[in-house]
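*Asks:* Prediction below, plus the sequence it came from.
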Amino acid sequence: MIRMDLFVYVEGADDERMVNHVIKKCHKQFDPTIIQFSSMRLKDTIESLEKHTLANDLFVVLIDSDRAPSVDALKIEWAARRRIDKNHVAVAVSSIESWYVSGSTSARINRLFEDTPSDRIHKSRFDRVVKPEMGHRRALVMALDGFDTDKAARKSESFAHFYRGLESIARGLPAGPDKGGSRARRRRSP
């Protein structure tokens, strides 16, 4: 069996929490390596990991919407340098707060954002709405409790893109993929 690992690059803890939740709930066959990177050092982080990955490994990069213009160029450059099929690199552009709200089954969270389309919820708007009542982190955790991936995919185009990417990767994985031995499952950029 060909060794194929999944690497997921996220910008911060809120992104990591969402990815872990979605993968554990819907894609239990994955045991991804999740790498947090600072938004200014994504390229450096990718370069440092190139020597530890194989050409057939799969990569998902979750990047904030404000950095979106550089995403396609980065994907093409990375795939070319690594001599891998660019289809092995999936990029999802998000405002992670919108993902949390779009799939929330919490009546309290849904009430706070009932008049706002999910893809228009960015960090500053999210904080303005939730801070007086409960605070950023508590609201995200509340939104994730009972998170509905189908609802999120219907309400958020960027979440649907991410989720379809995972579905596509899942279809391409052999049953029971090699988990990579004792390799750490979570890394932070240097």
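*Replies:* Okay, I see it. Numbering: from 1, shown residues only.

*Asks:* C-alpha only now, for contacts and for neighbours.
*Replies:* Will do.

*Asks:* So F162 versus V130, what's the distance?
*Replies:* For F162, the distance to V130 equals 25 Å [Cα to Cα, to the nearest Å].

*Asks:* Neighbour count for those two, which is higher?
*Replies:* A side-by-side neighbour count of F162 and V130, using other Cα atoms under 10 Å, places F162 first with 21 against 18.

*Asks:* Give me the three-state assignment for the more buried one.
*Replies:* helix (DSSP: H, G, I helix; E, B strand; the rest coil).

*Asks:* Burial check on T149, number of neighbours?
*Replies:* 21.

*Asks:* Leaving out chain neighbours, which residue sits closest to it?
*Replies:* Closest residue in space to T149, ignoring its immediate chain neighbours: G103 at 5.9 Å, by Cα to Cα, 6 or more residues apart in numbering.

*Asks:* In this protein, what residue spans correspond to strands?
*Replies:* 6-10, 33-36, 58-64, 89-94, 186-188 (DSSP state E).

*Asks:* quick check: mean pLDDT across the shortest one?
*Replies:* The reference is to strand 186-188. For strand 186-188, mean pLDDT is 46.

*Asks:* so where is the protein shaky, pLDDT-wise?
*Replies:* Per-residue confidence for the chain (pLDDT under 70) gives these ranges: 1-4, 38-43, 45-46, 48-56, 63-94, 172-190.

*Asks:* check contacts around E16.
*Replies:* Going by Cα atoms under 8 Å, 6 or more residues apart in numbering, E16 touches 10, 34, 36.

*Asks:* And the residues you listed, which is closest to D115?
*Replies:* Taking Cα to Cα as the measure, D115 lies nearest V10 of the contacts of E16, at 28.7 Å.

*Asks:* I figured that closest one was touching T33, is that so?
*Replies:* No. Between V10 and T33 there is no contact under Cα atoms under 8 Å: 10.6 Å.

*Asks:* neighbour count winner among the two?
*Replies:* Legend: neighbour count by other Cα under 10 Å for V10 and T33, higher for V10 (25 against 19).

*Asks:* Having no further points to raise, I will conclude here.
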